[in-house]
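Asks: I need the structure of the sequence given here:
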Amino acid sequence: MSGCEVNIDDDGLCQVAGPTQEKLAVAMKMIADLTQTAEVGKTYLGKVAKVVEFGAFVTILPGLDGLLHVSELAHHRVANPADEVSEGQEVMVKCIGIDEKSGKIKLSRKALIPKPEGADAEPEGDAPSGEDRPRERRPRPRRS
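Replies: Purely as a prediction, here's the structure:
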């Protein structure tokens, strides 16, 4: 595509040679796109690849998907992820974690949406009976 020659040494050193600066820039961008990784705290415009019962898989970088769990779709309880997102839809998501062992990417849409007014407020009214007094702790029986 770019007309450039790319050589990668055994130690990972990448050398790119090309006929013009413009073609070199194209080759360098292609390499950067292929080698990009997700970063915790970074925001991405992703495309919903698949909607499942526990959330959606979102492509945030070429060839790189993350899980947008149902609990991270919105501030309100979402019963069906398909009510919030659909395949092919572009959504803004934030990377909230990357599992060290598996490399799985955890995404959140909720982190980018302002909380509705009163979302942090406790429901008004008296506490249910028994919750206004301290609970008595009884020792647990030991198993043998």
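Asks: contacts, neighbours, all on C-alpha from now
Replies: Fine.
Asks: How is this structure partitioned into domains?
Replies: Following automatic domain parsing, one gets these domains for the chain: 5-35, 43-112.
Asks: Start and end of the shortest one, how far apart?
Replies: This stretch, domain 5-35, spans 17 Å end to end (CA to CA, to the nearest Å).
Asks: ok, back up a step: go through the domains of the chain and name the closest to Arg142.
Replies: The closest of these to Arg142 is domain 43-112. By CA to CA, the value is 36.5 Å.
Asks: and the end-to-end length of that closest one?
Replies: Where domain 43-112 begins and where it ends lie 9 Å apart, using CA to CA.
Asks: Check stretch 9-18 too.
Replies: So stretch 9-18: terminal residues 18 Å apart, CA to CA.
Asks: Stretch 14-26 now?
Replies: Terminal residues of stretch 14-26 are spaced 15 Å apart (CA to CA).
Asks: Now do it: distance to the chain's middle.
Replies: Remark: stretch 14-26 is offset 33 Å from the chain centroid, using CA atoms, centre = their mean, to the nearest Å.
Asks: Figure out the helix or strand that the spatially closest residue to Gly88 that is not a sequence neighbour lives in.
Replies: Leaving out its chain neighbours, the residue that sits closest to Gly88 by CA to CA, 6 or more residues apart in numbering is Val48, at 5.2 Å. Element membership for Val48 (DSSP states H and E) is strand 43-52.
Asks: where's the closest residue in space to Leu24 that isn't next to it in sequence relative to Ile31, distance?
Replies: In space, and not counting its chain neighbours, Leu24 is closest to Gly18: 5.6 Å by CA to CA, 6+ apart. According to CA to CA, Gly18 and Ile31 sit 14 Å apart.
Asks: now do Glu72
Replies: Using CA to CA, Glu72 is found at 32 Å from Ile31.
Asks: between the two, which one's more packed in?
Replies: Neighbour count, other CA atoms under 10 Å: between Glu72 and Ile31, Glu72 has more, with 21 against 14.
Asks: Isn't the more buried one up against Lys110?
Replies: Yes. With contact defined as CA atoms under 8 Å, Glu72 counts as touching Lys110 (5.2 Å).
Asks: What helices and strands are in contact with the lowest-mean-pLDDT helix or strand in the chain?
Replies: The weakest-scoring helix or strand in the chain, judged by mean pLDDT, DSSP states H and E, is helix 21-35 (a mean of 87). With contacts defined as 3 or more CA pairs under 8 Å, 6 or more residues apart in numbering; DSSP states H and E, the packing partners of helix 21-35 are strand 14-17.
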